[in-house]
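Novice: predicted model and sequence follow; I will ask about them next.
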Amino acid sequence: MGWNRLYSLRSYIKSSLWLVPFLALIFYILAIRLVYLLEPWLMWTERWPWGLAGSQRLLETIITMTLTFVVFTFGSLLVAIQIAGGQLTPRIIATTLLRDNAIRFTVGLFIFTLLFATGALARLETDVHQAVVGVAGILGFLSIAAFLYLIDYAARLLRPVSIVLRVSEEGRAVIEEVYPTMATDDEVDCSHNPRPSERPAKTILYSGRPAIIVAVNTKALFILAEKTGSVVELVPRVGDFVASGELLFRLYGASVPEESALRTMIAFGPERTLEQDATFAFRIIVDIAIKALSKAINDPTTAVLAIDQLQRLLCYVGKRSLVGEALLNESGELRVVCRTPDWEDFVKVTFSEIRFYGAENFQIARRLRAVLEYALQVLPEFRRPPLRTEMDLLDRRLTELYHFPEDLALARIADSQGLGGGKTTVAQPTPTITM
């Protein structure tokens with residue numbers, strides 16, 4: 001199995017809600033046989049107070065209860081996902097909700113309990129297997145507790161603040177993976193390294209169904225390029241859409257890697273994912289913000305919550321070295337060119353759409369200014385020109401929108417809460433006192 005297929009399989013397993021309940025079916029087959037086998041050693045406690053009829057009613061109650069839990073959980077979860085996707089953004093369904101292990105393992109417990117109680121009831125004859133019925137009763141009790149926990153957990157999970165926080169955490173992890181080193185004070189803001197000047201020895205076109213590049217095995221590409229002494233350039237970057245016949249690779253050198261090997265180093269999918277796409281977390285949070293700012297929803301406070309996480313991510317990526325698209329060997333020779341987002345990409349995706357749709361709201365205008373002022377304070381000097389440009393664009397936008405001087409003055413105040421938090425104080429350098 002090639003790397004791309006293995007990666008797609010792992011990604012599918014992570015986002016499959018049915019897999020854990022299916023594994024519960026296999027585990028049940030082993031568990032119920034094991035309990036019957038170990039029953040003589042499990043009866044170290046007193047016998048259960050009910051006989052054959054009571055055990056039968058208990059198992060029937062557990063079956064009915066867990067079946068109700070499963071139906072209710074799946075039904076309410078599907079409705080909740082649709083509502084959350086409509087109010088926030090559909091991108092959270094595959095990237096966040098379907099990957100939640102608490103939901104998957106809770107449903108797995110329900111399925112396991114249902115099957116165990118059914119198997120125990122089917123084997124219930126003239127004698128009561130006290131250990132088996134006892135285990136079923138304990139599983140039923142755990143299922144009730146898990147169901148109550150799931151209701152509370154799902155209610156908290158689907159809150160906008162929980163969604164944007166989770167996306168922010170995943171985005172932070174992706175940034176650490178894509179940009180592993182911290183920026184230095186003397187670093188220049190030059191994210192794009194030039195590709196080789198000579199004409200490519202070979203080009204590889206994409207063939208297949210239209211898809212999104214979701215991941216690239218850059219380490220394997222580097223090994224292939226190093227073995228052949230060539231330069232491999234991946235033309236699109238992670239998150240780009242490619243159709244059949246579009247350019248995928250440019251290869252430079254007298255000896256180049258095999259086309260079949262290169263194709264297995266690219267994983268494709270129907271939509272963007274968070275695994276290696278550094279800007280996709282920004283994209284999801286921005287989508288949540290601008291949907292909250294729509295006239296149909298008109299929820300600027302949710303947009304402010306999204307901007308809180310955008311500030312966190314933007315300042316985090318701004319402190320890291322973004323010079324990483326060219327991979328060199330130990331001798332300093334170029335081997336792989338794999339494009340990654342630069343600083344201006346992050347700044348534009350953070351501010352442009354929210355400024356366009358939300359500057360007419362006091363909360364958004366003041367919160368955006370607070371983000372810009374904070375970023376200008378904490379980020380290195382070479383990161384600041386795009387931020388100053390965004391500050392200027394925000395001022396010009398506010399001038400167009402607010403015709404009353406009092407409103408314009410109010411909108412131009414930086415506020416970390418949007419409105420009501422007062423003017424944000426930016427730390428000033430300590431003045432030097434000469435004697």
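Specialist: Everything's here; your move.
Novice: so residue 304 touches residue 368, yeah?
Specialist: No - judged on CB atoms under 8 Å, residue 304 makes no contact with residue 368 at a distance of 9.7 Å. No exception for glycine: its C-beta is placed from N, CA and C like everyone else's.
Novice: higher neighbour count, the two?
Specialist: Comparing residue 304 with residue 368 by other CB atoms under 10 Å, the one with more neighbours is residue 368, at 30 against 25.
Novice: quick one: the more buried one from residue 352, how far?
Specialist: 11 Å (CB to CB, to the nearest Å).
Novice: with residue 267 instead?
Specialist: Distance from residue 267 to residue 352, by CB to CB: 29 Å.
Novice: before we move on, what about residue 309?
Specialist: Relative to residue 352, and taking CB to CB, residue 309 is found at 17 Å.
Novice: compare those two (neighbour count), which wins?
Specialist: A count of neighbours by other CB under 10 Å puts residue 309 above the other of residue 309 and residue 352, at 24 against 13.
Novice: looking at this, the more buried one is in a helix?
Specialist: Yes - secondary structure of residue 309 (DSSP: H, G, I helix; E, B strand; the rest coil): part of a helix.
Novice: contacts only, for it.
Specialist: Contact analysis of residue 309 by CB atoms under 8 Å, 6 or more residues apart in numbering lists 164, 165, 167, 168, 285.
Novice: do the same with residue 118
Specialist: 59, 63.
Novice: that one belongs to a strand, doesn't it?
Specialist: No - read with three-state DSSP, residue 118 is helix and lies in no strand.
Novice: can you tell me how far it sits from residue 27?
Specialist: Residue 118 is 14 Å from residue 27, by CB to CB.
Novice: same check, this time on residue 260
Specialist: Counting by CB to CB, the gap from residue 260 to residue 27 is 39 Å.
Novice: what of residue 390?
Specialist: On the measure of CB to CB, residue 390 and residue 27 end up 54 Å apart.
Novice: now do the helices in the stretch 1-150 of the chain.
Specialist: 3-14, 19-37, 39-42, 52-87, 91-92, 101-122, 130-157 (DSSP state H, counting those that start in this stretch).
Novice: quick one: which of those is nearest residue 230?
Specialist: helix 3-14 (19.1 Å; CB to CB).
Novice: looking only at pLDDT, what's the mean for that closest one?
Specialist: The pLDDT scores in helix 3-14 average 87.
Novice: run through who's touching that helix.
Specialist: For helix 3-14, using CB under 8 Å, 6+ apart, the contacting residues are 1, 19, 99, 214-215, 217, 220, 263-269, 273, 275.
Novice: which among those count as buried?
Specialist: Restricting the contacts of helix 3-14 to buried positions leaves 99, 214-215, 217, 220, 263-269, 273, 275, with burial counted as 16 or more other CB atoms under 10 Å.
Novice: what lies in contact with stretch 247-265?
Specialist: So stretch 247-265 is contacted by 2-5, 195-196, 198, 200-206, 216-217, 220-221, 224-225, 227-236, 242, 266 (CB under 8 Å, 6+ apart).
Novice: show me those that map onto strands.
Specialist: Assigned to strands by DSSP state E, the following of the contacts of stretch 247-265 qualify: 202, 203, 204, 205, 216, 231, 232, 233, 234, 242, 266.
Novice: of these, grab the buried ones for PyMOL.
Specialist: The PyMOL selection below is limited to those of those classed as buried (16+ other CB under 10 Å):
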select buried, resi 204+216+231+232+233+234+242+266
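Novice: the ones in strands among the contacts of stretch 247-265 into CSV, with extra columns for distance to residue 153?
Specialist: Formatted as CSV, these follow (distance: CB to CB, whole Å):
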residue, distance to residue 153
202, 53
203, 51
204, 47
205, 47
216, 35
231, 50
232, 45
233, 46
234, 40
242, 38
266, 37
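Novice: can you give me how far the helix or strand of the chain with the lowest mean pLDDT is from the chain middle?
Specialist: Lowest by mean pLDDT, DSSP states H and E among the helices and strands of the chain is helix 39-42, with a mean of 69. Mean-position distance between helix 39-42 and its chain equals 46 Å (CA atoms, centre = their mean, to the nearest Å).
Novice: what lies in contact with that helix?
Specialist: 35, 129, 130, 131, 132, 134, 135.
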